[in-house]
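Visitor: give me a 3D structure for the following:
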Amino acid sequence: METESLDYSQSARKGGVLESASKRVRMIFSVMASPNRIDILRILNTKGPLTYSELKALAGFKSKKESGKFAYHLRKLLRQLLVALNKAERRYTITNLGKLVLSLARQIEERSIIESGKMYVRTSNHTIEEFNSHKIIQSLVREASLPLEQAQKITEEVENKIYKFQTAYLTSSLIRETVNSVLIEHGHEEYRNKLARVGLPVSDIAGMLASEDATRNGAQGVMGRTADAVFSEYFVFNTLPKDIADMHLAGEINIASSGTWGLLPDTIFVDLSELDSFDLQGRFPAVARLASLKGADDMLTALPVLIPLLAYEASAEVVLEGVAPALAKSKDADDLASRFGRALVASSASGPGPATTIAVPQETDARQVNALLDGYKKYVDVTPLPRIGLSLGALKKESADHVAAAVRAGGIVTIGSGRAASGIRKAAGGKNPAAAMTLHSLSINLPRLAYESNRDETYFRAKLALAIKPSLAASAMRKKLVLENAKRGMLPAFSAATQSLQRATTGVIVNLTGAHEAVYSILGHDAAHGGTEVMQKVLKTAVEVAQSQAKQLGDEAAVSMVADGSGARFATIDSDKYGRVSLSQSQNITSYSQGMTLSGKELLSKGSGLAKECSAIDKLLNGGLAATIDVTDLSAADVKSAIESASELAFSRPRFALAVCATCGKKSKASADKCESCKSPHRLA
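Guide: As a prediction, the model looks like this:
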C-alpha cells in the first residue's frame, strides 16, 4: 500500500509539473502572439539596455494615450521573465529566455514563408520585401532597355529558377545574377552588360581589410581603394567603347586612372594670383571661406585649406601658380622659410592622393627662392613620402645649394617653366588660353607595336598612327564626360579657384611608353648609327597624326612621354606574351622606360651630348617630356654640379633615391638592406 501510495504521489507530482510547464509554454506563446511584444524584444536585443522612456519611444508608443498600452505589453514580458529590470540603473534588458523566444519567432516566421510558397527579398536598401516578378520586368526595360515582350519572357524563366531555390530569403544581388545568367544563355550580352552589378567579391574586401595598407592608411584608405575599384570596373566595362576597353585589357594601351576616368581631370593648373578671395558658396559649409589671398599671411593661411580640397579634384597632380608672388612680399626670409614649412606640414594631412606642385616663377628674387626651398626642406625632413613639390621656373646660381639639399632629403624639385612636376606642359592651344586642366592618363605600348611590326620601322610608325586614332577618340569622349561633371558641380573647389569653368580649357594628351625599348632594343636601331634620327621620326609621326586626328574631331591634342605607371604593367603583360628574354637582348626588364632618365655621373662627364638629345626630343613632344636626373650615387658637391649641368634642359627633375621604412617611417639610403634607424628589413619605397 505504501508503495502504491508513493507511486501515486510521484505520478501526481509529475502530472503537476507537466501541467505547470504546459501552462508556462501556453503563456509564452500568448506573449508571442502580439507583434508589439515581439518588437519590444527585438529592440532590446539590438539596442538594450534601455530606460522606460527610451524603450517606449523606440517601440512607437509616443503619445500619452498609448502609455497604458505600452505598460500593459511590458508588464506581460516582465511576468513571463522575457524581460528583466535592473532596478539600480532603471534599465530594461532582454533575458536569455527572451532571446530564445525571439529566435524561435524568427524561425517560425521563416518556416511559414517557405510553407506558404512566398519568397522575400533582402534588398540593397536594407529592407525586406515580398518577391515581385514585375520589378524584374521594370528593371529589364528601364535599365537594360530590353523590349517589353522579351523582358516578360526572360522574367518568366528567372521566376521559375527562383522558386526552385532552397532558401528562405533572396537577395537583390542573387536575383540580378540569375537574370544576367538567363540573358547570357539567350545571347543577350549587350543587355546583360547594362544590367551588371559592379562591386568587389567578398574575399577581396576581407583581404583588403586584413592588408598592411589598411593599417597604414586607415579606414579612409580602404574605402578609397574600394570606391576606385568599383568606378574602375564601371568605366572600363560600361563607359569605354568596346574596342578601347579591349585594347586596355590586352595591354596595347593603358588607362592609368581608370577609377576616376570619367570623373576627374588628371592635372589641374590653378593660378591663385587671379583670386581676390576663395568662396565655395553653398558647397562644403564646414570649410572656412578665405576673404583675401593677396598677402603672405593670407597665402600661408590658405595653403592648408586649398591643397587638401583641390587634391580631391584631380587624379594625378595639382599645380598651384601665383603662390610665390604673394609670399615674396614677406620681408623676413628666415621667418618666411619657417612659416612656409609649417604651412606645408599642415597641408600634408590630406593623405595619399595626387601630388601638389607649387610653381615658383623665373622672375622670383633669389633670396625669396632660397627661403621657399629652405621652408620646403623643413617639410620634407618630417615627411617620409612627400606629396608636395616645388617647380622652379629656372635655376638661379645662388639657389643650386638649396635645391641640392632639398633633393638629397627626398624632396620633389623640378626645374622648367610651364610644367607640372610630371613633365606635362601647360600648353596654350591655338586661340584658346593655356589649359587649366589636362587629360593625359592614356598611354600607348610602343614595344608591343614594335614586336608586331617585324622590325620594320615604316610598318611600326603606321601601326602607331592606327593606335593614336581610337585613343584620341576615347580621350575626346572622356573630355566631354569630365566637363559635363564639372558643370554639374562635381569640381567645386576647382570651379571656385578658377572663378569660372568657362575659362577652364582642357588639353588632351596621348602618352607614349617604352620608346627606347621599341626603337633600340626591338627594332634594333643603334643610337650611335642613325637610331636617334629614327626615334625623332617616330615621335614626329605621333605628333602629326595626333594633331591631324584631333582636328577632325574638332579638338586639339598633344603627345607626351611622362611616367604614369603604365611601364610596369606593359612589361609584365608583354613578358607573359613574348617571354622575358625578348624584352631586351641583355637585361631582364621589369618596367619599360617612361620619359628619359639621365645618369648624373654621365651628365657630368658628357653632359652636352645627353642634354642635346633630350632637348631635341622635348622640342618634338608638344605635350611634355619627363627628364629625370638620377643623382643617387653622387656626393653632395656632385649633386649640385649635376643639377647645374641639367639646368640647360627645358625641364628636369633631379632624383635622389631613398628607402622609407615600413616600420618606423624613417628614411635610409636606397642601397641599404635594412633601415638605418630601427634595422627593419621592411620598406615602403
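
Visitor: for the stretch 51-200 of the chain, just list every one of the strands.
Guide: Secondary structure of the stretch 51-200 of the chain by DSSP state E, counting those that start in this stretch: the strands cover 83-86, 91-94, 120-122, 128-130, 169-171.

Visitor: so what pLDDT did the nearest residue to Ser315 once chain neighbours are set aside get?
Guide: The spatial neighbour of Ser315 that comes closest, neighbours along the chain excluded (CB to CB, 6 or more residues apart in numbering), is Ser257 at 3.9 Å. C-beta coordinates here come from the backbone N, C-alpha and C atoms, glycine included. Ser257 is assigned 88 on the pLDDT scale.

Visitor: residues touching the residue nearest to Leu272 when sequence neighbours are not counted, list them.
Guide: Excluding the flanking residues, the one nearest Leu272 by CB to CB, 6+ apart is Gly322, at 3.9 Å. Contacts for Gly322 (CB atoms under 8 Å, 6 or more residues apart in numbering) come out as Asp271, Leu272, Ser273, Glu274, Leu275.

Visitor: element containing Thr356?
Guide: Taking DSSP states H and E as the criterion, Thr356 maps to strand 355-360.

Visitor: chain center to that strand: distance?
Guide: 21 Å (CA atoms, centre = their mean, to the nearest Å).

Visitor: show me what it is packed against.
Guide: If you count contacts as 3 or more CB pairs under 8 Å, 6 or more residues apart in numbering; DSSP states H and E, strand 355-360 packs onto helix 296-311, strand 317-321, helix 323-327, helix 366-381, strand 388-392, strand 412-415.

Visitor: how close does Ala291 sit to Asn370?
Guide: When distance is defined by CB to CB, to the nearest Å, Ala291 is 30 Å away from Asn370.

Visitor: same check, this time on Val519
Guide: 41 Å.

Visitor: neighbour count for the two, which is higher?
Guide: Between Val519 and Asn370, counted using other CB atoms under 10 Å, the more crowded position is Val519 (25 against 19).

Visitor: ok, now which ones touch the more buried one?
Guide: Leu446, Ala450, His525, Gly531, Val534, Met535, Val538.

Visitor: just the residues you listed now: which is nearest Cys675?
Guide: Leu446 (38.0 Å; CB to CB).

Visitor: count the neighbours of the closest one for me.
Guide: That count, for Leu446 with other CB under 10 Å as the rule, works out to 28.

Visitor: start the count at 40 instead of 1 going forward.
Guide: Got it, first residue is 40 now, which makes that one Leu485.

Visitor: show the backbone phi and psi for it.
Guide: Main-chain dihedrals, Leu485, degrees, to the nearest 10: phi -70, psi -40.

Visitor: so what's it up against?
Guide: Neighbours of Leu485 in contact, by CB under 8 Å, 6+ apart: Leu503, Leu551, Thr552, Gly553, Ala554, Glu556, Ala557, Val558, Val577, Tyr631.

Visitor: tell me which of those residues fall in strands.
Guide: Leu551, Thr552 (DSSP state E).

Visitor: what about the strands in the stretch 240-389 of the chain?
Guide: Under DSSP E, counting those that start in this stretch, the stretch 240-389 of the chain gives strands at 292-294, 306-310, 356-360.

Visitor: switch these over to TSV; also include distance to Thr702 and mean neighbour count.
Guide: Output for the strands of the stretch 240-389 of the chain, formatted as TSV (distance: least, CB to CB, whole Å; neighbours: other CB atoms under 10 Å):
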stretch	distance to Thr702	mean neighbour count
strand 292-294	33	24
strand 306-310	34	25
strand 356-360	29	25
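
Visitor: if I look at Val452, how far off is Val446?
Guide: 6 Å.

Visitor: give me the common contacts of these two.
Guide: Common neighbours of Val452 and Val446, counting by CB under 8 Å, 6+ apart, are Pro693.

Visitor: between the two, which one's more packed in?
Guide: More crowded of Val452 and Val446, by other CB under 10 Å: Val452, with 28 against 24.

Visitor: angles on the backbone of Leu643, please.
Guide: phi -70, psi -30.

Visitor: relative to Gly449, how far out is it?
Guide: For Leu643 relative to Gly449 (CB to CB), the value is 22 Å.

Visitor: one more: Leu80?
Guide: 60 Å.

Visitor: in the chain, which residue is closest to the centre?
Guide: The residue lying closest to the centre of the chain (CA atoms, centre = their mean) is Asp267, at 4.1 Å.

Visitor: please tell me I have it right and that residue contacts Trp300.
Guide: No. Using CB atoms under 8 Å, Asp267 is not in contact with Trp300, being 10.6 Å away.

Visitor: joint contacts of those two?
Guide: With CB under 8 Å, 6+ apart as the test, Asp267 and Trp300 reach no residue in common.

Visitor: low-confidence ranges, this structure, go.
Guide: 40-60, 149-157, 163-167, 205-208, 389-391, 466-474, 538-543, 619-628, 645-647, 724 (pLDDT under 70).

Visitor: show me the domain layout of it.
Guide: The chain breaks down into these domains under automatic domain parsing: 52-146, 157-236, 306-454, 476-633.

Visitor: can you give me the separation between the residue nearest to Leu288 when sequence neighbours are not counted and Ser242?
Guide: Once flanking residues are discounted, Leu288 sits nearest to Val275: 7.6 Å by CB to CB, 6+ apart. As judged by CB to CB, Val275 and Ser242 stand 21 Å apart.

Visitor: okay, those two: which has more neighbours?
Guide: Higher neighbour count among Val275 and Ser242: Val275, with 18 against 8, using other CB under 10 Å.

Visitor: if I pick that one, what's in contact with it?
Guide: Ala284, His287, Leu288, Ile294, Ser297, Trp300.

Visitor: got it, and Ala535?
Guide: Ala535 touches Phe317, Asp318, Leu319, Gln320, Arg322, counting by CB under 8 Å, 6+ apart.

Visitor: so is it in a helix, a strand, or just coil?
Guide: helix (DSSP: H, G, I helix; E, B strand; the rest coil).

Visitor: from Lys526, how far off is it?
Guide: In terms of CB to CB, Ala535 sits 14 Å off from Lys526.

Visitor: can you give me the strands in the stretch 490-639 of the chain?
Guide: Going by DSSP E, counting those that start in this stretch, the stretch 490-639 of the chain shows strands at 545-552, 596-600, 635-638.

Visitor: okay, now Ala376: neighbour count?
Guide: For Ala376, using other CB under 10 Å, the count is 22.

Visitor: how about Glu491?
Guide: Around Glu491 there are 12 residues (other CB under 10 Å).

Visitor: residues contacting the residue nearest to it when sequence neighbours are not counted?
Guide: Leaving aside its sequence neighbours, Glu491 sits nearest to Lys502 (CB to CB, 6+ apart; 6.5 Å). Lys502 is in contact with Leu488, Glu491, Ser492, counting by CB under 8 Å, 6+ apart.

Visitor: so the first one belongs to a helix, correct?
Guide: Yes. The assignment for Leu488, made by three-state DSSP, places it in a helix.

Visitor: and the gap between the nearest residue to it once chain neighbours are set aside and Arg487?
Guide: Spatially, and ignoring its direct neighbours in sequence, Leu488 is nearest to Lys502 (4.6 Å; CB to CB, 6+ apart). For Lys502, the distance to Arg487 equals 9 Å [CB to CB].

Visitor: for Ser386, same thing?
Guide: 40 Å.

Visitor: the more surrounded of the two?
Guide: Between Ser386 and Arg487, counting by other CB under 10 Å, Arg487 is the more crowded of the two (26 against 21).

Visitor: my read: that one touches Asp613, true?
Guide: Yes. Counting by CB under 8 Å, Arg487 touches Asp613, with 6.1 Å between them.

Visitor: list the residues that contact both of those two?
Guide: What both Arg487 and Asp613 touch, as defined by CB under 8 Å, 6+ apart, is the set Gly290.

Visitor: about what we covered before: filter the contacts of Leu485 to the buried ones?
Guide: Burial by neighbour count, judged by 16 or more other CB atoms under 10 Å, picks out Leu503, Leu551, Thr552, Gly553, Ala554, Glu556, Ala557, Val558, Val577, Tyr631 from the contacts of Leu485.
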